[in-house]
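Participant: pasting the sequence and the predicted coordinates here, then a few questions.
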Amino acid sequence: MFVPKYTITNKTLKNIGVIDASREVILNAPLIPAWEAKFRREALERTVHHGTHLEGNQLSFEQAQEVLDGRTVTARERDIQEVINLRNVLKFIDSIFDKIGSGKSYILTLDTIFEIHRITMEKLLGEGQTGKVRGRQVVIRNTQTGQITYTPPPAVEVPFLMEDLINWVNSESSSDFHPVIKAAIIHYEVARIHPFVDGNGRVARALATLILFLEGYDIKKFFSLEEYFDADQMNYYLTLQAISNQLVLDNHERDLTPWLDYFVEGVAIELNRIKERVRRISVDSRVKDKLGSQLTLNERQMMIMEYLHRNKEMRNKDFRKIFPDHSDDTVLREIRFLKQKGLVKKTGGTKNAVYVLR
């Protein structure tokens with residue numbers, strides 16, 4: 001059976017701590033339903049855009065949004081179809097998650113992976129090429145130089161390698177793995193095996209997301225790993241290829257440590273970013289409790305409220321720490337709004353003013 005080889009570095013251990021701490025904040029934040037719906041929608045849009053952009057899709061973020069909204073976009077038909085397909089893949093993942101639930105035992109099957117590939121490549125590959133393993137050798141080339149950067153395993157080995165991976169995913173031993181580590185390993189192995197003629201990266205990332213969901217790390221479906229990968233595409237692909245091109249006699253000897261460091265750091269960055277947004281927006285629910293009705297605060301107002309919740313008070317000298325790019329007049333205007341709504345009160349004179357929660 002497939003047995004991944006890796007070392008948990010101090011970097012990964014630290015980032016796992018960041019991930020779990022962020023997860024707790026996000027899951028327990030008193031978010032208003034409207035904000036939750038907005039976060040999920042934004043995560044879907046970011047996943048679809050960056051997940052297809054990684055593979056060369058030329059649509060802008062705004063164009064991808066328009067496609068998701070069902071509006072007409074003037075662009076390559078393939079680019080439009082890729083966005084539609086990835087949106088449908090996420091719907092398929094949601095349907096599995098809704099059926100099985102979070103943190104419960106599950107059995108990952110080859111049919112599930114085939115269906116993800118079929119949806120991913122619908123209308124993009126020739127008939128008979130979707131939802132089935134490749135029957136020929138493929139190579140990965142540098143798009144600029146044409147040089148071969150990685151040669152995946154021969155086609156004849158693919159069914160056995162995929163079966164080996166699935167057996168490991170469903171094994172009792174893999175249940176001891178942290179879900180983020182498990183998702184990272186699955187992502188890497190699918191990318192390495194390259195089981196399909198095309199669409200392997202999107203399938204690998206979709207499977208990583210599915211595993212996170214099923215292992216209790218759906219995080220309210222607020223996150224998008226694709227944005228992290230797309231922000232530095234070269235690093236993403238070079239990290240994958242560096243592991244795959246290690247000179248080893250047996251796949252079990254391939255050291256996945258650099259990939260795990262990279263993947264786990266990405267999850268930590270994404271969840272920490274969401275955590276900070278959630279903490280600020282959660283102020284809205286506290287405002288609702290106080291006022292008895294919904295009051296939508298803008299970003300600066302939420303940052304002021306969050307600062308006061310954390311630090312109990314704010315002085316004029318603190319403005320620069322919170323808003324280095326805004327004038328004092330701008331900050332004072334936001335504070336006046338919060339005072340008018342009865343959320344903040346001021347004590348002291350103009351120069352020695354102290355602002356606290358009412």
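Facilitator: The structure has been received and is ready for your questions.

Participant: how about the strands in the stretch 1-150 of the chain?
Facilitator: Counting by DSSP state E, counting those that start in this stretch, the stretch 1-150 of the chain has these strands, from start to end: 140-141, 148-150.

Participant: ok, which of these comes nearest Lys38?
Facilitator: The minimum distance between Lys38 and the strands of the stretch 1-150 of the chain falls on strand 140-141, with 37.7 Å, by C-beta to C-beta. Any C-beta I mention is one placed from the backbone N, CA and C, and that applies to glycine too.

Participant: other SSEs contacting that closest one?
Facilitator: strand 148-150 (3 or more C-beta pairs under 8 Å, 6 or more residues apart in numbering; DSSP states H and E).

Participant: so which bits of whichever helix or strand comes after the strand it packs on are buried?
Facilitator: Using DSSP states H and E, the next helix or strand after strand 148-150 towards the C-terminus is helix 158-169. Across helix 158-169, burial judged by 16 or more other C-beta atoms under 10 Å covers Val158, Leu161, Met162, Asp164, Leu165, Ile166, Trp168, Val169.

Participant: contact partners for Arg23?
Facilitator: Tyr217, Ile219, Leu271 (C-beta atoms under 8 Å, 6 or more residues apart in numbering).

Participant: so which of the residues you listed sit within helices?
Facilitator: Secondary structure from DSSP state H places Leu271 of the contacts of Arg23 in helices.

Participant: who wins for neighbours among the contacts of Arg23?
Facilitator: Leu271 (26 neighbours; other C-beta atoms under 10 Å).

Participant: once you drop chain neighbours, what's closest to it?
Facilitator: Leaving aside its sequence neighbours, Leu271 sits nearest to Ser22 (C-beta to C-beta, 6 or more residues apart in numbering; 3.9 Å).

Participant: do Ser171 as well
Facilitator: Closest to Ser171 by C-beta to C-beta, 6+ apart is Met1, at 6.8 Å.

Participant: wouldn't the one you found be in contact with Asn167 here?
Facilitator: Yes. With contact defined as C-beta atoms under 8 Å, Met1 reaches Asn167; the gap is 5.6 Å.

Participant: can you list the low-confidence ranges for the stretch 51-200 of the chain?
Facilitator: Within the stretch 51-200 of the chain, no stretch has pLDDT under 70.

Participant: ok so, going back, any chance of TSV for the contacts of Arg23, columns pLDDT?
Facilitator: As requested, the contacts of Arg23 are exported to TSV (pLDDT from 0 to 100):
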residue	pLDDT
Tyr217	94
Ile219	92
Leu271	96
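
Participant: give me the neighbour count for the residue nearest to Ser171.
Facilitator: Neighbour tally, Met1, other C-beta under 10 Å: 11.
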